[in-house]
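Trainee: Give the three-dimensional model of this entry:
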Amino acid sequence: MEETVDYGCCQSCHLVLHDPFIECHTCKEITDSKTYICLDCYSKGKEFAKHVSNHAYSVVKQDFSLFSHNWTAKDELQLLDAVLHHGLGSWEEVSKTLTNKTPSECEAHFAAIFIEDKKGEFKELTSKFVDRFCRDQPVPYIQPQKEQSLLYQIRPPPSVLSKELAGYNPARGDFETELDDLAENDLNSISYNDVSNNLEDPKDEDDALFGKLELSALFIYNDKLKERKRIKSIVKEHGLINKRSAVALSSTKYPLIREKYGKVYDFRRLFCSFDFDYILEGLQHEFQIKRKVRKYQEFRSNGLTNKDSTIIYKKLKVQREMSSKELSSDRVWDWVADPRNISYVKDKLTGKLMPTTNAKKQAVRLDITGLTSFEKLSSKEQDLCSEIRMAPESFLQIKTTMINECKKSNGLRLADARPVVKIDVNKTRKIYDLLINDGVIYRN
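Mentor: Residues are numbered from 1 along each chain as shown. Purely as a prediction, here's the structure:
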């Protein structure tokens, strides 16, 4: 039976470790003790105690060749443990521990490496270990068999989301391509010894200048590292990994404040995720309260004081809106003549002048209830915006422009207002007349 090397337990799930597994270097610097994690916990990004998923790490494995190409480091350890346990010369018992080796192979390998040491590698193992054996070993490609290839074909194709998130490692919370990914290229020609020598003991002014320039380059690189860390913290804090979900957040989670969301979004980096969501929830709640207040104002303006009456009012209002849609304005205005649109033509049969109607179709009033800045308008202004089909926010901009122009010119004429607002002449006249009647602006 093959014996396994005891590595202890995973410090996350507390199961027995089997190589390969992960050793955390950052935790070793913090706690001054080794932290081992199994591959299953590491692939899921498990975090415990002081360990965080983005810590520096190394892979601990013993499947590489140490002294001979057909003997792995794991085989070497098992061979030594078996010799210590069964004694030198009990190669039959030793070979039972190494199931893939015969007694003669175990004896020959032990004699060649640990006794004779013809190549001298065992003597210089300590000095050469860092250079020769701590490098990442290439992973050999094994052609899958037919049964495996059929299973691979059953797998579904990668989703669109997986393509959009390509380059992001969720278990480590890190990216393959960093912000300003070529920043390290500026440090290729900088040596620590050269910088220290040029700063501490410069030979001439040029060396001192080069030392300061190289030190400035290091400071610039350090600032770039800080910026990388800051951007990553913002992306992680506000969940901006998936661009599609972040863009759709305004319409899915906050549909009532969709227009205000874009303006508030620019200040997102100034708040933590909790505070920003708290602000958006507050705006959403504010909009709901305003909508409820407008509904109650509509009920009171129509003389409703009882809650039961509002139910009947809502039903009748829906019926009226449906009827107004079915009865289009064309059927009515074809029979109604406006005196301003009447002209006379001579009838060929009677020779008399007969009135002819060229009635213009009236535009349907715009429902501006609930639009942005609706509550900032007076009742007259709301009625005018609905009549001329203008958004409340646009009306307020035009109103502000006219007031500023009136103050600057000590009065405002209609002829001067037209080139300032640059909209339809009829709409300009109606807005101008309303502001004159309300005393907001005055003529010069």
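Trainee: Residue ranges of each domain in the chain, please.
Mentor: Following automatic domain parsing, one finds the domains of the chain at 156-245, 307-357, 374-438.
Trainee: Let me know which of these is tucked in deepest.
Mentor: domain 374-438 (a mean of 15; mean count of other C-beta atoms under 10 Å). Every C-beta, even on glycine, is put in place using the N, C-alpha and C of the backbone.
Trainee: Please tell me how far it is from the chain's geometric centre.
Mentor: 42 Å (C-alpha atoms, centre = their mean, to the nearest Å).
Trainee: What of stretch 312-328?
Mentor: With C-alpha atoms, centre = their mean, you get 45 Å for stretch 312-328.
Trainee: average model confidence for it?
Mentor: Taken as a whole, stretch 312-328 carries a mean pLDDT of 80.
Trainee: got a list of what Leu218 touches?
Mentor: Leu187, Ile190, Val195 (C-beta atoms under 8 Å, 6 or more residues apart in numbering).
Trainee: I'd like to know the phi and psi angles of Phe175, please.
Mentor: The phi/psi pair for Phe175 (degrees, to the nearest 10) reads phi -120, psi 150.
Trainee: Correct me if wrong: it contacts Asp181.
Mentor: No. With contact defined as C-beta atoms under 8 Å, Phe175 does not reach Asp181; the gap is 9.3 Å.
Trainee: circling back to that earlier point, any chance of the domains of the chain in a markdown table, plus distance to Leu280?
Mentor: As requested, those are exported to a markdown table (distance: least, C-beta to C-beta, whole Å):
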| stretch | distance to Leu280 |
| --- | --- |
| domain 156-245 | 12 |
| domain 307-357 | 30 |
| domain 374-438 | 19 |
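Trainee: what's the least confident stretch among the ones you listed?
Mentor: domain 307-357 (a mean of 67).
Trainee: which one's the longest helix in the chain?
Mentor: helix 205-238 (DSSP state H).
Trainee: All the helices of the stretch 251-400 of the chain, in order from the start?
Mentor: Assigned by DSSP state H, counting those that start in this stretch, the stretch 251-400 of the chain shows helices spanning 258-265, 273-301, 307-326, 329-333, 379-388, 392-409.
Trainee: Thought Tyr7 was touching His18, still the case?
Mentor: Yes. Between His18 and Tyr7 there is a contact under C-beta under 8 Å: 7.5 Å.
Trainee: Pick out whichever of the two has more residues nearby.
Mentor: Tyr7 (16 against 12; other C-beta atoms under 10 Å).
Trainee: Now do the more buried one against Ile37, distance only.
Mentor: Using C-beta to C-beta, to the nearest Å, Tyr7 is found at 11 Å from Ile37.
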